[in-house]
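Participant: take a look and give me a structure for this.
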Amino acid sequence: MTAACRPGEHTGVDVKAEAAVLVAGALLGVTALGGCSVGVPDPAAPKVEPIVTALATPTITPGHDAEAVAAKDMPFSAGGSLAAGVPVGISDGLKEAPGWQQVKENVAGESQYLKADGCLVSAKVRTNQGPLALQDDQESTVGLFTYLDPTILPGYLKTATLRWGGEVGRPGPSAEVMVLEKPGQAGVRATAVMARVFGTAASSVYISVACPDDATLAAARADVAERLRVVPPSN
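Facilitator: From the prediction side, this is the model:
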């Protein structure tokens, strides 16, 4: 279900507690915005040591042409073309957009951006997500949402895109993500959660947006789609 938003780290916090916070904050549309992709959901999976994620020089995979992969669209079906275990990232370009400011920079693996109209965006990247990988990235991403909240049916999710690398203001490739939307109501903020599990890359990106109403949410999502680019792994 990053970027890019922040490279993050697995903190070792109990995943069910973390999921409860996520669902209460982002998926149920409360005023306080929070959320992140999950760690290992399978109790039988081996425990993962804490790891700091950063856009450092990745391991070079022999025979893998990262530049060619980065130059093409990244639909769910193309997730297998990424180098195994080399994480994606999320850019911080939203802080340069008119009306936006960065209010949290890679704090516990999360970056947040606040817009003058009251919209708040949280962006995260998780590594060590191999145990979430299912048949393909779409199935894996649907599984992430339903793990966070079993009441979320696949039919509730929509497909959208974020920028896949490239430069702001110029045409470029896109990456598919799944989106869970909740329209605004009286006293309830309008929210959207965008996520994708990159199974082969063993990482995931998670972006949540909360705004005062549907109109401001639509504008914020347009800014996110253009500015928070998913950063492809590179050699």
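Participant: helix, strand or coil for residue 139?
Facilitator: What DSSP: H, G, I helix; E, B strand; the rest coil gives for residue 139 is helix.
Participant: and the one 3 residues further on, by the same measure?
Facilitator: When the structure is split into helix, strand and coil by three-state DSSP, residue 142 lands in helix.
Participant: that one and residue 155, how far apart?
Facilitator: With the distance defined as C-beta to C-beta, to the nearest Å, residue 142 ends up 10 Å from residue 155. Heads up, the C-betas are built off the backbone N, CA and C, glycines and all.
Participant: between these two, which is the more surrounded one?
Facilitator: More crowded of residue 142 and residue 155, by other C-beta atoms under 10 Å: residue 142, with 21 against 6.
Participant: and that one, how far from residue 91?
Facilitator: From residue 142 to residue 91 the distance is 25 Å (C-beta to C-beta).
Participant: please apply the same query to residue 105.
Facilitator: Computed with C-beta to C-beta, the distance linking residue 105 and residue 91 is 13 Å.
Participant: neighbour count for these two, which is higher?
Facilitator: Each of residue 105 and residue 91 has its neighbours counted (other C-beta under 10 Å); residue 91 has more, 22 against 12.
Participant: just the pLDDT at the more buried one, thanks.
Facilitator: Here the pLDDT value assigned to residue 91 is 92.
Participant: surely it and residue 232 touch.
Facilitator: No: counting by C-beta atoms under 8 Å, residue 91 does not reach residue 232; the two are 11.0 Å apart.
Participant: for the biggest helix by length in the chain, which outside residues touch it?
Facilitator: Counting by DSSP state H, the longest helix found in the chain is helix 214-227. When contacts are defined by C-beta atoms under 8 Å, 6 or more residues apart in numbering, helix 214-227 is touched by residues 91, 93-94, 96-97, 100, 115, 117-119, 121, 160-163, 168, 183-184, 190-192, 194, 207, 209-211.
Participant: same check on stretch 133-140?
Facilitator: The contact list for stretch 133-140, computed with C-beta under 8 Å, 6+ apart, reads 76-77, 79-80, 132, 143, 176, 178, 196-200, 202.
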